[in-house]
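J.: please work out how this folds:
(one chain, ligands or ions: 2)
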Amino acid sequence: MTPRTLFEKIWGAHVVAPETDDTPSVLYIDLHLVHEVTSPQAFSELRSRGLKLRRPDRTLATLDHSTPTLPPAANGERPYTNAEAKAQVAQLEANCREFGVRLYGWDSQDRGIVHVIGPELGATQPGMTIVCGDSHTSTHGAFGALAFGIGTTEVGHVMATQCLLQRKPKTFAIHVDGKLPRGVGAKDLILHIIGEIGVDGGTGYVLEYRGEAIEALSMEERMTVCNMSIEAGARAGLIAPDETTFAWLKGRSNAPQGAAWDAAVNRWRALRTDAGAEYDREVRIDASQIRPTVTYGTHPGMAIAMDKPVPAARNAPEQRALDYMQVKPNQPMQGTAVDVVFIGSCTNSRLSDLREAANVLRGRKVAKGVRVLVVPGSEAVRRDAEREGLHEVFLAAGAEWRIPGCSMCIAMNGDLAQPGQLVVSTSNRNFEGRQGKGARTVLASPATAAASAIAGAIADPREYLTEVAA
Ligand SMILES: CC(C)[C@H](C(=O)O)[C@@H](O)C(=O)O
Ligand code: SF4
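T.: Ligands and ions are numbered 1, 2, ... in the order given. Below is the predicted model:
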């Protein structure tokens with residue numbers, strides 16, 4: 001048999017009707033994740049056509065984007081600052097009741113950002129097709145699932161049919177050789193990769209991250225990498241499932257149990273790309289050369305090691321980006337004054353991310369005048385972090401500790417920066433106004449964000465990790 005890539009195996013197992021010149025493929029969807037922002041119209045469409053949800057058992061909803069991250073008032077009222085956000089939440093609650101969808105809502109111990117809870121619950125599994133009306137659905141590719149964002153109309157299609165019309169994307173292998181240096185993590189790696197291939201380098205492709213450095217990553221780190229695939233323009237990002245994946249998933253509530261687990265692992269082992277399989281495009285990245293990396297412009301492709309001088313603009317959009325960011329070329333980003341630090345989002349709000357930030361912040365104080373917001377990705381992360389006392393580390397350092405949600409990643413419910421303020425953010429998007437009108441976003445790792453909070457300026461976390469054994 002012709003050797004096949006991981007992508008081709010998953011795709012092939014889900015095609016219901018193949019693509020023709022006139023029509024895309026019909027692809028079966030194993031898991032549909034739903035949140036309050038992109039689902040209302042789709043539910044309305046079902047209602048107006050008198051349709052039911054095709055597979056409620058393969059649909060899972062959560063509240064994340066529009067939820068305030070401050071606790072409720074004494075009377076139980078949630079502190080929404082935005083009436084539309086409040087209405088969206090109420091609408092999803094009503095829609096889930098009407099259509100019989102499992103909702104991880106306000107009363108759930110497992111609510112959280114959709115891309116954090118899918119894996120946490122074990123709902124995300126290798127070999128699946130997973131969609132959500134959300135671009136960062138690529139996160140779930142960390143488990144060797146073909147996972148991608150869809151539009152609101154497609155959300156309706158999947159609700160009604162459990163299928164989707166799709167043109168087959170091309171494949172792009174990103175080989176990451178060698179080892180990441182100490183103090184350099186998954187966020188630095190993905191920012192570096194996007195800096196190398198460009199914000200549209202992945203357009204039309206499904207990326208497969210592979211090689212020694214990728215295999216060495218934890219599941220949380222793999223999720224950080226796959227999360228940002230979309231920021232390179234890719235349809236999705238994939239990492240082959242391996243022992244790390246299986247160990248992480250085992251025993252989670254929605255994962256197969258007992259004999260079904262063993263059978264599933266056997267199937268999952270066969271997913272990895274066959275020797276000799278060909279990709280449409282390949283690049284090689286040397287992990288050992290990567291340093292703490294940050295963005296300096298208004299898209300994630302404008303990324304550079306923080307100690308390297310920012311390159312001069314090559315065109316008008318780049319010049320506009322530098323002007324907006326108030327960044328001067330030929331100077332490094334390291335040392336740039338910081339106003340706000342945001343540690344959270346579906347890219348970096350898992351327990352390991354919070355530990356990484358806490359390791360830097362422990363026993364230290366946030367610089368005067370810097371506001372630091374730490375927002376766990378889910379209730380489970382919040383519980384685990386509090387059990388370990390991480391919240392006490394953050395609070396003692398002078399940071400705010402919030403309840404889970406998308407928060408300052410999208411400037412929601414008052415979690416935003418003021419015009420001109422510079423935010424070092426562990427999220428994934430840095431376009432103009434993303435974190436507040438006129439706010440300037442620098443994307444970075446949790447360790448860099450924490451180090452910058454202490455220094456009051458963009459700082460190299462390795463300077464704060466001296467006491468940690470190599
Ligand atoms: C609200 C949603 C449609 C959006 C997305 O698709 O990415 C959001 O999650 C974002 O990060 O901007
Ligand atoms: S955390 Fe940010 S990037 Fe992730 S789903 Fe929410 S808004 Fe989108």
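J.: break this protein down into its domains, please.
T.: Following the assignment in automatic domain parsing, the chain carries domains at 6-166, 308-464.
J.: would you mind telling me which of those is nearest ligand 2?
T.: Set against ligand 2 and scored by Cβ to the nearest ligand atom, the domains of the chain come closest in domain 308-464, at 3.2 Å. For glycine as for every other residue, the C-beta is placed from the backbone atoms N, C-alpha and C.
J.: so what would you say the end-to-end distance of that closest one is?
T.: Distance between the two ends of domain 308-464: 19 Å, counting by Cα to Cα, to the nearest Å.
J.: and what of stretch 51-66?
T.: End-to-end distance for stretch 51-66, by Cα to Cα: 27 Å.
J.: one step back: out of the domains of the chain, deepest packed?
T.: Of all these, domain 308-464 has the most neighbours on average by mean count of other Cβ atoms under 10 Å, namely a mean of 21.
J.: distance from it to the middle of the chain?
T.: Distance of domain 308-464 from the chain centroid (Cα atoms, centre = their mean, to the nearest Å) equals 15 Å.
J.: same question for stretch 203-210.
T.: 16 Å.
J.: give me the buried positions along it.
T.: 205-210 (16 or more other Cβ atoms under 10 Å).
J.: what would the residues you listed look like in TSV with distance to Gly398 and secondary structure?
T.: Formatted as TSV, the buried residues of stretch 203-210 follow (distance: Cβ to Cβ, whole Å; DSSP: H, G, I helix; E, B strand; the rest coil):
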residue	distance to Gly398	secondary structure
Tyr205	43	strand
Val206	43	strand
Leu207	39	strand
Glu208	42	strand
Tyr209	36	strand
Arg210	41	strand
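J.: save the residues you listed as TSV, and put in pLDDT and distance to ligand 1 too.
T.: Conversion of the buried residues of stretch 203-210 to TSV gives the following (pLDDT from 0 to 100; distance: Cβ to the nearest ligand atom, whole Å):
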residue	pLDDT	distance to ligand 1
Tyr205	98	19
Val206	98	18
Leu207	98	17
Glu208	98	22
Tyr209	98	20
Arg210	98	26
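J.: of the domains of the chain, which is nearest Thr224?
T.: Smallest distance to Thr224 across the domains of the chain (Cβ to Cβ): 5.6 Å, for domain 308-464.
J.: and Ser425, what are its bridge partners?
T.: Beta-bridge partners for Ser425, by DSSP bridges, are Phe342, Leu443.
J.: could you check how far it is from ligand 1?
T.: In this view, Ser425 and ligand 1 are 12 Å apart by Cβ to the nearest ligand atom, to the nearest Å.
J.: same deal with Leu146?
T.: For Leu146 relative to ligand 1 (Cβ to the nearest ligand atom), the value is 17 Å.
J.: ligand 2 contacts on the stretch 351-470 of the chain?
T.: By Cβ under 6 Å from any ligand atom, the residues of the stretch 351-470 of the chain that approach ligand 2 are 406, 409-410, 427-428.
J.: hmm, Met228 is touching His299, no?
T.: No - taking contacts as Cβ atoms under 8 Å, Met228 lies outside contact range of His299: 11.6 Å.
J.: got the CA positions of stretch 7-18 in CSV?
T.: Output in CSV follows, covering the C-alpha atoms of stretch 7-18 (Å, rounded to 0.1, in the frame of the first residue of the first chain):
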residue,chain,number,x,y,z
PHE,A,7,-3.5,13.6,7.8
GLU,A,8,-4.3,11.3,4.9
LYS,A,9,-5.2,8.5,7.2
ILE,A,10,-7.7,10.6,9.2
TRP,A,11,-9.1,12.2,6.1
GLY,A,12,-9.5,8.9,4.3
ALA,A,13,-11.3,7.4,7.3
HIS,A,14,-13.9,10.2,7.3
VAL,A,15,-14.8,10.9,3.7
VAL,A,16,-18.4,10.0,3.2
ALA,A,17,-18.5,11.1,-0.5
PRO,A,18,-15.2,12.1,-2.3
